[in-house]
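*Asks:* Predicted model and sequence follow; I will ask about them next.
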Amino acid sequence: MPTAKQIDAAYKLARERYESVGVNADKACAALAKIPVSLHCWQGDDVGGFENQGGAVGGGLAVTGNYPGRARTPDELRSDLDAALAVIPGKHRLNLHAFYGEFGGTKVDRDQIDASHFANWIAWAKSRGVGLDFNPTCFSHPKAADGFTLSHADRGIRKFWVEHCRRSREIGAAMGKALGTPCVTNV
């Protein structure tokens, strides 16, 4: 681990190099500190989500979902995020996928989710001054196994995914309203 003295020396050298091409590194860093960065929830659990606890990740998704030490519950993920955010300077946001909801052990299919399944995420974000962004989860589901969702040839499957995305937009709107900051819902 570099010492504070080494970090300062490296920054001084970098600042001089940027200055030689007309960039004020101090001003650039100050500007960047004001721009919130949206971290992705899946970085804490390898895209496992919490809708199918103990189940295999798949249905159109090719990740392991089982790296050692990955968050296994929403509380563990929030704790891991707290640790990460404590050492990341600047303003923060968290991007949640729909299958990171808290379903209380009940099977809730994606076309039935609502903002209540994200109440703990909203409370966590509010207590920390963190904004939330949101994504529908159009993968890792039996109805996505063939690689088609919103453009599926089967009208019933297509309708399922359209409803999921519609509900995701409602959830994003509820998050934005509760937190007083726009929520980007990325389909």
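*Replies:* Received it, and whenever you're ready, just let me know what you need.

*Asks:* Could you measure from the residue in the chain sticking out farthest from the centre over to Lys91?
*Replies:* Largest separation from the mean C-alpha position in the chain: Ser20, at 37.4 Å (Cα atoms, centre = their mean). Between Ser20 and Lys91 the distance is 30 Å, computed by Cβ to Cβ, to the nearest Å. Yep, even glycine has a C-beta here, placed from its N, CA and C like the rest.

*Asks:* cool, Thr181 as well?
*Replies:* Thr181 sits 10 Å away from Lys91, taking Cβ to Cβ as the criterion.

*Asks:* Find the residues that touch each one of those two.
*Replies:* Applying Cβ atoms under 8 Å, 6 or more residues apart in numbering, one finds that Thr181 and Lys91 are jointly contacted by Gly131.

*Asks:* Measure how buried Thr181 is and give me the count.
*Replies:* Neighbourhood size, Thr181 [other Cβ atoms under 10 Å]: 17.

*Asks:* Please look at it and Gly131 and confirm they touch.
*Replies:* Yes: look at Thr181 against Gly131 with Cβ atoms under 8 Å: they come within range, at 4.4 Å.

*Asks:* Got the phi and psi for Asn95?
*Replies:* With angles defined as degrees, to the nearest 10, Asn95 sits at phi -100, psi 120.

*Asks:* got the contact list for it?
*Replies:* Asn95 is in contact with Ser38, Leu39, His40, Cys41, Leu132, Asp133, Phe134, Asn135, Val184, Asn186, counting by Cβ under 8 Å, 6+ apart.

*Asks:* ok, of those, which come out buried?
*Replies:* Ser38, Leu39, Cys41, Leu132, Asp133, Phe134, Asn135 (16 or more other Cβ atoms under 10 Å).

*Asks:* Can you classify the fourth one as helix, strand or coil?
*Replies:* Local secondary structure at Leu132 is given as strand here, using DSSP: H, G, I helix; E, B strand; the rest coil.

*Asks:* Quick check: the closest residue to it other than its chain neighbours vs His164, distance?
*Replies:* In this structure, Leu132 finds its nearest non-sequential neighbour in Met175, 4.5 Å apart by Cβ to Cβ, 6 or more residues apart in numbering. To His164, Met175 is 16 Å away according to Cβ to Cβ.
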